[in-house]
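Chemist: give me a model of this one.
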Amino acid sequence: MTNRVDQPRPLDLVGSPIHVGGVATGFEATLEYRVGDGHRQVTGTFTAGGGTGEHGQFHLTVEVDHAGFQADRLLVQVFEARARDGGEINVVTVPVLYGPHIVPGYYGYREHTVVKGDTLSALAKAHYGNAALYPRIVRANPDKITDPDRITPGQVLRIPIGS
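Modeler: I've put the predicted structure just below:
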């Protein structure tokens with residue numbers, strides 16, 4: 001059996017609740033989820049498919065603002081508990097970035113296409129009113145920014161926005 005998570009995508013910037021969706025099948029159609037940062041986690045069960053091998057769509061809304069996560073990066077996992085011994089099988093893991101740890105009051109992000117002359121500090125000044133807050137943009141784009149002194153025209157960066 002295989003499970004698939006279509007949302008969130010790897011390294012998506014998420015808030016609370018986290019919407020998790022995909023296609024899955026499990027023993028008696030029961031599957032489990034876990035969202036955690038390695039220190040704390042939120043867990044639960046849900047149903048998908050018919051339980052006899054059919055694959056069915058699922059959508060979960062997982063409230064995580066109460067979890068007290070300590071890290072920017074979270075793992076969203078969907079899996080089946082093996083009927084024989086409760087072991088985890090068919091585990092799908094999607095790493096995501098937790099926006100409320102990057103920007104206070106996080107509620108979403110803007111996309112900015114880098115043009116010649118852009119700098120992270122100038123983007124931070126334009127979006128947050130403070131050039132020194134450029135690390136927020138770096139943290140929201142770990143797959144795109146490996147050196148904060150080097151961004152290139154054409155890159156599409158996420159600018160996390162909060163209250």
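Chemist: give the contact list for the residue lying closest to Val103 once chain neighbours are set aside.
Modeler: Distance criterion C-beta to C-beta, 6 or more residues apart in numbering; nearest residue to Val103, sequence neighbours excluded, is Gly162 at 3.7 Å. No exception for glycine: its C-beta is placed from N, CA and C like everyone else's. Contacts for Gly162 (C-beta atoms under 8 Å, 6 or more residues apart in numbering) come out as 99-100, 103-107.
Chemist: how about the helices in this structure?
Modeler: According to DSSP state H, the chain carries its helices in the segments 120-128, 134-140.
Chemist: so which of the ones you listed gets nearest Gly44?
Modeler: Among these, helix 134-140 comes nearest to Gly44, with 27.1 Å by C-beta to C-beta.
Chemist: residues in contact with that closest one: which ones?
Modeler: Taking C-beta under 8 Å, 6+ apart as the rule, helix 134-140 contacts 13, 72, 97, 99, 102-103, 109, 119-121, 123-124, 128, 145, 148, 157-160.
Chemist: can I assume Tyr98 is in contact with Asp37?
Modeler: Yes: counting by C-beta atoms under 8 Å, Tyr98 touches Asp37, with 7.5 Å between them.
Chemist: okay, and the common contacts of these two?
Modeler: What both Tyr98 and Asp37 touch, as defined by C-beta under 8 Å, 6+ apart, is the set 69, 71, 73-74.
Chemist: same for the lengthiest strand in the chain, what does it pack against?
Modeler: If you go by DSSP state E, the chain has its longest strand at strand 88-98. If contacts are counted by 3 or more C-beta pairs under 8 Å, 6 or more residues apart in numbering; DSSP states H and E, strand 88-98 sits against strand 4-7, strand 13-14, strand 18-24, strand 73-81.
Chemist: list of residues touching the third one?
Modeler: Translated: strand 18-24. 3-8, 31, 33, 35, 48-49, 55-62, 64, 74, 76, 78, 80, 90, 92, 96.
Chemist: for ChimeraX, what selects the buried ones among these?
Modeler: Selection of buried members from the contacts of strand 18-24 for ChimeraX, criterion 16 or more other C-beta atoms under 10 Å:
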select :3,5,8,31,33,35,48,49,55,58,60,62,64,74,76,78,80,90,92,96
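Chemist: OK, contacts around the residue nearest the centre of the chain?
Modeler: Central residue of the chain (C-alpha atoms, centre = their mean): Val96, 2.6 Å from the mean position. Val96 sits next to 8, 10-14, 18, 73-76 when contact means C-beta under 8 Å, 6+ apart.
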